[in-house]
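*Asks:* Test case, fold it:
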Amino acid sequence: MSASFKHVDPKLQGLVEADSSARIQMIEKDLFIEHDMSRFLNSQLDALMAEPRHSRMPCLLITGDAGMGKTAQLRRFQRRYPDDCGAGNTERRRPIVMADTPPEPTRATLELALLEALEAPGFARGRAVDRLALIRRLLTAHKTRGLIFDEIQHLCHSRARDRAVVLDTVKALSTTCQMTVICAGTPAVVARSEEHTSELQSHHD
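*Replies:* You can find the predicted model right below:
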């Protein structure tokens, strides 16, 4: 290595003398720039993972405009807690499971999204299967500590009853499996929640 490149980050020095295609590929990769808010969020997420299991696990909603890096942050968080097959390669542990919220969420579409994230076999998607019970068993068997739903603003597209059922399903998973649920989406989900609360208050008045 030439002395003139000593200022280059040690992690990148191997690229200095690489060919153009390797350097271009490196430049075009997704780049995550750490900043104060991302470090704060990391600390909050790590604290959730350290929480002991109990009947009412703390959960977290992360909101931000599209393109702000929410998904990238959560993917980095997931990589910090990788899957582990354990001793003897007999049990697969998945500390974090991450699923995309379906574009028009219902209980059925949410269950299918979770089964896909859990890499469940094809038969598990059949109508004759108690999909929610299977999801609970898989999450428990994998010793999952955190369940992430990205693009949670899709709930805004659901009918009121479907939205309520989806939220109750998510809450039930958190309670029965004693795990943290982390949701991420645009601020629209907060605005819609406030509208729904106002509607309920007006109805009761």
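*Asks:* Identify the residues contacting residue 51.
*Replies:* Contacts here follow C-beta atoms under 8 Å, 6 or more residues apart in numbering; on that basis residue 51 touches 57, 58, 180. Every residue, glycine included, has its C-beta placed from N, CA and C.
*Asks:* can you list the residues you listed in CSV and add secondary structure?
*Replies:* Listed next are the contacts of residue 51 as CSV, based on DSSP: H, G, I helix; E, B strand; the rest coil:
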residue, secondary structure
57, coil
58, coil
180, strand
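*Asks:* List only buried entries from those.
*Replies:* Listed as buried from the contacts of residue 51 are 57, 180; burial here means 16 or more other C-beta atoms under 10 Å.
*Asks:* residues touching the most centrally placed residue in the chain, list them.
*Replies:* Residue closest to the average C-alpha location in the chain (C-alpha atoms, centre = their mean): residue 148, at 2.6 Å. Neighbouring residues of residue 148 by C-beta under 8 Å, 6+ apart: 74, 78, 96, 97, 98, 99, 181, 182, 183, 184.
*Asks:* any idea how far the closest residue to residue 145 other than its chain neighbours lies from residue 47?
*Replies:* Closest residue to residue 145 apart from its sequence neighbours, by C-beta to C-beta, 6 or more residues apart in numbering: residue 95 at 4.9 Å. Per C-beta to C-beta, to the nearest Å, residue 95 is found 14 Å from residue 47.
*Asks:* okay, the two: which has more neighbours?
*Replies:* Taking neighbours as other C-beta atoms under 10 Å, residue 95 and residue 47 compare with residue 95 leading, 17 against 12.
*Asks:* isn't the more buried one right next to residue 81, touching?
*Replies:* Yes - judged on C-beta atoms under 8 Å, residue 95 makes contact with residue 81 at a distance of 3.9 Å.
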